[in-house]
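Colleague: My questions are about this predicted structure, shown below with the sequence.
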Amino acid sequence: MATESTLSPPAPLDLGRMEMEAKETAKKHIANLLQRPEQLERVDQYKRRISRKKASVDTMLKTAVQSQLDGVRTGLNQLQSALQDVYEIKQRLGEVDDAYKSISPLHTKLMDLKKENTRYCQLASAMENLKHIFTAPEIVRKTEELISEGKLLQAHKHLSDLEQSRDDLMFELYKQPQQSPTDNNTLEKYFRDVINLSEQLGKQLWVIIQRTLMSVRREPTLIVTALRIIEREERTDEFYLKRKAQTGFIPPGRPKKWREKCFSILEESICSRIEGNQFEDRSINKMWLVRHLEVTRQLMLEDLKVVKQMLPPIFPPQYNIVKKYVQMYHRALASHFQEMIQQGLEGNEIVTLLQWVGIYNSPELMKHPALDFDTKEYGPLLENSAIDELQNQYLKTMKLNIMEWTKNSLTQDQKDWYKEEHPDADGDGYYSTSLPVIIFQMMEQNLQVAQMIGEDMVKKVIELFTDELSHYAKEYKGAIQSYRDRHLQDRSEPKFYLHYMIANTNNCISFGEYMTQLRKRYFKEELDNKDEFCIRKDRFQTLTDEFNRIGSFGANCILEEVFIDLKNIKCFEELMTKQWQQSSHPVEVICATWNDYSVDFVHLKPVFHTIVVEEGQRKVLQEYLKALLSKKLSFKTYEERKIAAEKICKESEQMGALFHKYTNKTEDMFQVLPMLAEVLRLRDSSMMSLELTVIYMCSMSKRIQIAKTQK
């Protein structure tokens, strides 16, 4: 209502007003044209132009009005025709209504005819199936014989006839307005053997389908026969499903879905084939899984070759049998592997399974030249979560094994330290024990196994090994510490303490070199992309540094032996005493002792040999300086100081030559002794303290410079 109130009829045209507006507009236009006197000469020209324009506009207006008039005339004619059609339709509908009212009583009159027609249809159906009704028991018996004789197509023909007769009769009963349960039960009881026949025939078909890969090589006609029967049943299923959609009736036992059952039987046979080639378990043979998976691989290769080459001509195209077979094998393997994982795998069994999964899509199986199947659309054989869980389980087991192996190896190696014989030496004469070799062999074996799984697993194993070796390094240092402490309680035991301490020190270099080798072998690209600071901080270098520190500790223990002997002889205590003035015994003992130990030091690898020699040189010099500056000996005359200075210079050369013989470095720490000796040569004793201060400062400056150079 609101909409209607807002609508108003259009206002009538005000022609007078429009004429006035037109005149005003014309005046303005003429005023614009005739603004100068000379424009009056062109008035005629303006008139002609405006006249032509007016004539053109009049023509266009007439054409538009004529077109509108034609359209209105056509519309009126169509409205007149439509009105006439409406009157005719109304008249016809009235006639139909009158006819329907006159026919309405006819329904009651024809009721008897309808009942008679129903009886006739039932009778016709009964007559049509009369032969099958009376001969049903005989047909059932004959069909059973045909099934037992393997004549499946003929048996299926008889079965189809029986089912058709039963279904037609049941459908006629279904169509009756008042259905009789008694009639339905009687009919079902009479044809009860038909369902049993269908099941018997199905069993024969499933046996054939189950042996498809065997039958296709010997009697492919058996498979063709089975597939023909299955497809006939599929078409019958479709017919009755359509009838059910229209009438609601479907016979008992429908739909049979034999095609679906066919694929189910094929998949069950594949699962049985995979599970059936597991001939043993780990209680009988530790390599049971290797054998089982290898037999499975060979079996799959053989089966899939047969599938690809021989099944497509036999199976209908819509079965897409090759793709279906690959998919079923894929699902069966995935299910079988999942079941094995749930039952529990141990140690190398995990590696075996992961390795097999790795070669699944390789030329060894699915990508074999005779197959070349792509299984990506079926998903992974094992989910990533399952693979990660297996890898973590394997790494956990490996961690426990490494801990046990390293502990046992160290225990056995410790027993060797107390042997009454020298440790083994390599081709260069350097002592070592079997410990690094055992650890390295264990690591290489694990890496070879990990490589079967993949590069990621190799890196995880290396990281695990470095972490465990870091803990092992602490135990190793503790073992060396205990070995040293026990020796210090009784230096006569073990007999070859020094030799095995040298061997253990050399072992540390072997461990460090192996870490560097692992990093270069498996992490070369990462190593190339790292700066020096990051390299110093990575796990390999950290572990190398840890073993270097253990080696340095071993070197100190070795050097400790030398200085315990020197202190026991008290040669350092005799320095700068009256006995020293009269004899060179202390320095000769130092040199003799060092020469004696150097026979064993040659079995140290160069890195720690240099450290031992330099540290020994430093300690000897330290003891000499301590004795020199301890004021144990007082000089009364210049001559005494001069003799002492000459003796110090001589012993400095003697000790410098001793240590220079065992190291390639040219720096001689004993050069400070002649400088101190020069102080003793001073006649003015009051200048000695100043000279000593200058010497001390020069010595400290030189040591700082050497330390910076070494860094």
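Modeller: Looks like it came in fine.
Colleague: In contact with residue 439, which residues?
Modeller: Residues in contact with residue 439, defined by C-beta atoms under 8 Å, 6 or more residues apart in numbering, are 405, 406, 409, 469, 511. Glycine gets a C-beta too; all of them are placed from N, C-alpha and C.
Colleague: just the buried members of those residues?
Modeller: Listed as buried from the contacts of residue 439 are 405, 406, 409, 469, 511; burial here means 16 or more other C-beta atoms under 10 Å.
Colleague: Which single one of the residues you listed is nearest to residue 193?
Modeller: Using C-beta to C-beta, residue 405 comes nearest to residue 193 of the buried ones among the contacts of residue 439, at 72.0 Å.
Colleague: list the contacts for the closest one?
Modeller: Per C-beta under 8 Å, 6+ apart, neighbours of residue 405: 438, 439, 442.
Colleague: now swap in residue 476 and tell me
Modeller: 410, 550.
Colleague: Read off the pLDDT value for it.
Modeller: Looking at residue 476, its pLDDT stands at 91.
Colleague: quick revisit: redo the contacts of residue 405 as CSV? Include secondary structure.
Modeller: Formatted as CSV, the contacts of residue 405 follow (DSSP: H, G, I helix; E, B strand; the rest coil):
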residue, secondary structure
438, helix
439, helix
442, helix
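Colleague: Show me which of those is closest to residue 659.
Modeller: Closest to residue 659, out of all of those and judged by C-beta to C-beta, is residue 439, at 35.0 Å.
Colleague: Give me the neighbour count for residue 641.
Modeller: 19 (other C-beta atoms under 10 Å).
Colleague: Tell me the helix or strand right after the strand or helix carrying it.
Modeller: Per DSSP states H and E, residue 641 falls inside helix 638-660. Downstream of helix 638-660, the first helix or strand assigned by DSSP H and E is helix 672-680.
Colleague: Show me what that next one is packed up against.
Modeller: Packing partners of helix 672-680 (3 or more C-beta pairs under 8 Å, 6 or more residues apart in numbering; DSSP states H and E): helix 606-628, helix 638-660, helix 688-710.
Colleague: quick one: residue 575 from residue 624, how far?
Modeller: To residue 624, residue 575 is 6 Å away according to C-beta to C-beta, to the nearest Å.
Colleague: ok, now residue 15?
Modeller: Where residue 624 is concerned, residue 15 sits at a distance of 139 Å (C-beta to C-beta).
Colleague: Among those two, which residue is more densely surrounded?
Modeller: Comparing residue 15 with residue 624 by other C-beta under 10 Å, the one with more neighbours is residue 624, at 24 against 8.
Colleague: List the buried residues of stretch 592-601.
Modeller: In stretch 592-601, counting by 16+ other C-beta under 10 Å, buried: 593, 594, 597, 598, 600, 601.
Colleague: With secondary structure added, can I get those residues in a markdown table?
Modeller: Shown next, in a markdown table, are those (three-state DSSP):
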| residue | secondary structure |
| --- | --- |
| 593 | helix |
| 594 | helix |
| 597 | helix |
| 598 | helix |
| 600 | helix |
| 601 | helix |
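Colleague: Please, where are all the helices along the stretch 451-600 of the chain?
Modeller: 455-489, 497-522, 524-529, 532-537, 539-569, 571-574, 578-582, 585-601 (DSSP state H, counting those that start in this stretch).
Colleague: average pLDDT for the second one?
Modeller: In this case it means helix 497-522. 88.
Colleague: could you check the angle helix 585-601 makes with it?
Modeller: 50 degrees (axes from the mean of the first three to the mean of the last three C-alpha atoms, to 10 degrees).
Colleague: try the fifth one
Modeller: Between the axes of helix 539-569 and helix 585-601, defined by the same axes, to 10 degrees, the angle is 140 degrees.
Colleague: tell me which residues of helix 539-569 are tucked away?
Modeller: 539-541, 543-544, 546-548, 550-555, 557-559, 561-563, 566, 569.
Colleague: likewise the second one?
Modeller: Residues of helix 497-522 classed as buried: 497-512, 514-515, 518-519, 522 (neighbour count, 16+ other C-beta under 10 Å).
Colleague: before we move on, what about the longest one?
Modeller: Neighbour-count burial for helix 455-489, counted by 16+ other C-beta under 10 Å, picks out 457-458, 460-462, 464-466, 468-469, 472-473, 476-477, 479-480, 483-484, 487.
Colleague: Same check on stretch 610-623?
Modeller: By neighbour count on 16+ other C-beta under 10 Å, the buried set for stretch 610-623 is 610, 611, 612, 613, 614, 615, 616, 617, 619, 620, 621, 623.
Colleague: Any figure for the gap between the first one and residue 616?
Modeller: Same thing as residue 610. Taking C-beta to C-beta, one finds residue 610 at 11 Å from residue 616.
Colleague: Would you mind giving the buried residues of stretch 610-623 as JSON lines with pLDDT and distance to residue 63 added?
Modeller: Below are these laid out as JSON lines (pLDDT from 0 to 100; distance: C-beta to C-beta, whole Å):
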{"residue": "610", "pLDDT": "88", "distance to residue 63": "118"}
{"residue": "611", "pLDDT": "89", "distance to residue 63": "117"}
{"residue": "612", "pLDDT": "90", "distance to residue 63": "122"}
{"residue": "613", "pLDDT": "89", "distance to residue 63": "123"}
{"residue": "614", "pLDDT": "88", "distance to residue 63": "120"}
{"residue": "615", "pLDDT": "89", "distance to residue 63": "122"}
{"residue": "616", "pLDDT": "89", "distance to residue 63": "126"}
{"residue": "617", "pLDDT": "87", "distance to residue 63": "126"}
{"residue": "619", "pLDDT": "89", "distance to residue 63": "127"}
{"residue": "620", "pLDDT": "87", "distance to residue 63": "131"}
{"residue": "621", "pLDDT": "86", "distance to residue 63": "128"}
{"residue": "623", "pLDDT": "85", "distance to residue 63": "133"}
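Colleague: can you tell me which two in those residues are farthest apart?
Modeller: Using C-beta to C-beta, the two most remote members of these are 610 and 623, lying 20.7 Å apart.
Colleague: ok, residue 372 to residue 366 distance?
Modeller: 8 Å.
Colleague: Among the two, which residue is more densely surrounded?
Modeller: Higher neighbour count among residue 372 and residue 366: residue 366, with 21 against 10, using other C-beta under 10 Å.
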